[in-house]
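1. what's the 3D shape of this:
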Amino acid sequence: KAKPFPLFRENPVDDVDKLRVIAKKHAAFNDDQMREIINAIDKAGYQQLKLFIQFMYYTLARPIELLAMRIRDIELENNRIVIHGEDAKNWRDEYVTISPRFKEIIKQSGILNHEPSDYIFGYHLFPGSDPHPNQGYFGKRMKKILEALGFLEKNPNYSLYGVKHSGAIALYLATLDIFAVKEQCRHTTIQQTNDYLRDLGVIRQESPVMKWKGAI
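-> Numbering: from 1, shown residues only. Below you'll find the predicted structure:
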């Protein structure tokens, strides 16, 4: 059987320069910036956005996972929140821990007074029986806040999603416990968490091995 005659004997685009591919990351905020953002949100009266950001910061959940959360998913007595597999990237039910500060935020928010079946971030009500249909609602309001604070002029990669990275960095710096970050991020392996923190620019100042005095 004769081989098909090639359409081109040489690659016609071999001499064309390849475009650089630059991965745009969602820049993280430092602690002072996070406080500025919360204060600006309070002044703007975006209380639903404020709680959304607080949930993202402390649970390290993605926006789509937050929109699917219901009141009954919060197990305050066990200091944990379940993130269901159908909404998670790992396709399995997993828990994230509620820290003491986050527990205080949840109590003060008043959301626990609503029906267990209500979505924490409802559409018509806050919380409500219908889930909010679009995470862009929160992203647009966050963008307004960032523009008002002048953050986007300094770094156009600042966004709502950067809050998740900010929480992960803050957790690691407060504990120096990469396993704690792994569990809260619901990563599969420690290496995944290590790569994640490295990509965010978090580098250990000193190896834990330097604390090992030895016995001989």
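2. count of neighbours near the residue nearest to P127 when sequence neighbours are not counted?
-> Distances taken as Cβ to Cβ, 6 or more residues apart in numbering place D118 nearest to P127, at 4.2 Å, with adjacent residues excluded. C-beta: built from backbone N, CA, C; applies to glycine. Using other Cβ atoms under 10 Å as the criterion, D118 is surrounded by 19 other residues.
3. what do you get for V202?
-> 17.
4. all strands of the chain, in order?
-> 74-75, 80-83, 94-97 (DSSP state E).
5. what does the residue nearest to P127 show for phi and psi?
-> phi -70, psi 140 (degrees, to the nearest 10).
6. ok, it - contacts?
-> D118 is in contact with R70, I71, L125, P127, G128, S129, counting by Cβ atoms under 8 Å, 6 or more residues apart in numbering.
7. quick one: which of those residues is most hemmed in?
-> For those, neighbours were counted by other Cβ under 10 Å; the highest total belongs to P127, with 25 neighbours.
8. touching, that one and P116? I think so.
-> No: taking contact to mean Cβ atoms under 8 Å, the distance of 10.2 Å between P127 and P116 leaves them out of contact.
9. okay, and the common contacts of the two?
-> I71.
10. related to what we said a few turns ago, I'd like the strands of the chain as a markdown table, with mean neighbour count appended.
-> Written out in a markdown table, the entries for these read as follows (neighbours: other Cβ atoms under 10 Å):
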| stretch | mean neighbour count |
| --- | --- |
| strand 74-75 | 16 |
| strand 80-83 | 20 |
| strand 94-97 | 17 |
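11. retrieve the pLDDT associated with the nearest residue to I74 once chain neighbours are set aside.
-> When the adjacent residues along the chain are set aside, I74 lies closest to I81, with 5.3 Å between them (Cβ to Cβ, 6+ apart). Predicted confidence (pLDDT) for I81: 97.
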